[in-house]
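Visitor: Predicted model and sequence below, questions to follow.
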Amino acid sequence: MSSTTSCDACGEGRALPMPIAMAFQPIVDLASGEVHAYEALVRGADGASAFTVLAAIPDDRLYAFDQACRVTAIETAAALGMRQTLSINFLPNAVYQPENCIRRTLAAARRADWPLERILFEVAEREHVARPQHLLDILGAYRSMGFRTAIDDFGAGYAGLNLLAAFQPDLVKLDMALVRGIDGDRARRIIVDHATRMCVALGVAVVAEGVETRDEAAALRDLGIDLQQGYLYARPQLGALPEPVFAA
């Protein structure tokens with residue numbers, strides 16, 4: 001599919017197989033006791049899981065789906081009065097030309113009077129990208145436009161250190177598999193400790209995701225990770241901004 005065809009398909013406004021909505025989950029800053037950002041998580045309009053939604057999207061609609069998620073996230077966040085950074089996941093394989101594919105996002109931000117620097121684009125390291133340079137081009141283009149960027153699920157995917165060597169995002173989100181049970185796992189503590197020190201040296205902030213227990217949270221704080229996300233603080237809520245419980 002050519003990029004021209006894809007951009008045309010994006011603008012046609014064809015309905016997705018199922019209507020979508022956004023749930024939000026906070027990323028907390030334990031040092032300040034405030035919400036650092038809210039991550040927008042796609043759901044069905046009836047609350048159906050992200051897995052159910054994604055399973056209903058055919059390959060030839062992924063481009064339109066990615067665009068719809070961005071616009072819905074911005075519009076919903078603005079309607080809810082969000083003042084924090086909005087974190088949006090994007091599908092790099094659904095982006096053909098960053099400058100063209102960002103147009104609907106920019107238009108939505110203008111309508112909502114949403115500053116671009118308060119949009120954080122997350123790409124999952126586990127997302128397989130046929131051409132790694134294409135992902136670097138996307139991330140570089142987004143940064144040049146004023147957006148913030150993050151590598152999600154760090155430590156669990158295809159790119160790993162190679163991606164971090166080629167591009168230093170604003171944030172790295174440690175995969176929950178590294179976080180789970182870190183308080184009682186020496187190997188995980190050593191790995192996360194060194195990964196955190198490396199990121200800090202590169203000027204990249206670290207977020208621990210999937211935090212579920214106070215002991216995990218305390219162990220992560222001991223390693224210098226104040227930005228945390230997980231059920232310990234708040235579960236995602238459909239169409240709402242949950243207030244976190246600062247339990248750590």
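Guide: It's in.
Visitor: who are the neighbours in contact with Leu223?
Guide: Applying CB atoms under 8 Å, 6 or more residues apart in numbering to Leu223 gives the contacts 189, 192-193, 196. Placement of C-beta: from N, CA and C, glycine included.
Visitor: Show me which of those residues are buried.
Guide: Burial of these was assessed by neighbour count (16 or more other CB atoms under 10 Å); the buried members are 189, 192, 196.
Visitor: Just the ones of those residues in helices?
Guide: 189, 192, 196 (DSSP state H).
Visitor: Which parts of the chain are strands?
Guide: Assigned strands in the chain, in chain order: 20-29, 34-44, 85-89, 119-124, 148-154, 171-174, 205-209, 227-229, 237-238 (criterion: DSSP state E).
Visitor: Kindly provide the distance from the residue nearest the centre of the chain to Asp193.
Guide: Centroid-nearest residue in the chain, with CA atoms, centre = their mean: Glu122, separated by 3.3 Å. In this structure, Glu122 and Asp193 are separated by 23 Å, where distance is defined by CB to CB, to the nearest Å.
Visitor: ditto for Ile182
Guide: Noted for Ile182: a distance of 10 Å to Asp193, by CB to CB.
Visitor: ok, back up a step: does the residue nearest to the centre of the chain touch Asn89 like I think?
Guide: Yes: with contact defined as CB atoms under 8 Å, Glu122 counts as touching Asn89 (4.9 Å).
Visitor: any common contacting residues for those two?
Guide: Taking CB under 8 Å, 6+ apart as the contact definition, Glu122 and Asn89 share the neighbouring residues 39, 152.
Visitor: count of residues packed around the residue nearest to Gly203 when sequence neighbours are not counted?
Guide: Using CB to CB, 6 or more residues apart in numbering and skipping the chain neighbours, the partner closest in space to Gly203 is Gln168 (6.3 Å). Gln168 is flanked by 16 other residues according to other CB atoms under 10 Å.
Visitor: what's the answer for Arg180, then?
Guide: As a burial measure, Arg180 scores 16 neighbours (other CB under 10 Å).
Visitor: Quick one: residues contacting it.
Guide: Shown here is Arg180, whose contacts under the criterion CB under 8 Å, 6+ apart are 210, 212, 216.
Visitor: Any of those residues buried? List them.
Guide: Restricting the contacts of Arg180 to buried positions leaves 210, 216, with burial counted as 16+ other CB under 10 Å.
Visitor: where does the chain dip in pLDDT?
Guide: In the prediction, the chain carries residues with pLDDT under 70 at positions 1-15, 124-130, 157-159, 247-248.
Visitor: now the longest helix along the chain: how far from the chain's centre is it?
Guide: Counting residues, the longest helix found in the chain (DSSP H) is helix 62-79. For helix 62-79, the gap between its own C-alpha mean and the chain's C-alpha mean amounts to 13 Å (CA atoms, centre = their mean, to the nearest Å).
Visitor: Could you name the helices and strands sitting against that helix?
Guide: Helices and strands touching helix 62-79, as assessed by 3 or more CB pairs under 8 Å, 6 or more residues apart in numbering; DSSP states H and E, comprise helix 3-11, strand 20-29, strand 34-44, strand 85-89, helix 103-112.
Visitor: for it, which positions count as buried?
Guide: Within helix 62-79, the residues that qualify as buried by neighbour count (16+ other CB under 10 Å) are 63-78.
Visitor: what's the answer for stretch 55-64, then?
Guide: Of the residues in stretch 55-64, those with enough neighbours to count as buried (16+ other CB under 10 Å) are 57, 61, 63-64.
Visitor: Quickly name whichever of the buried ones among the contacts of Leu223 is closest to Leu202.
Guide: Using CB to CB, Thr196 comes nearest to Leu202 of the buried ones among the contacts of Leu223, at 10.8 Å.
Visitor: if I look at Gly81, how far off is Glu209?
Guide: On the measure of CB to CB, Gly81 and Glu209 end up 25 Å apart.
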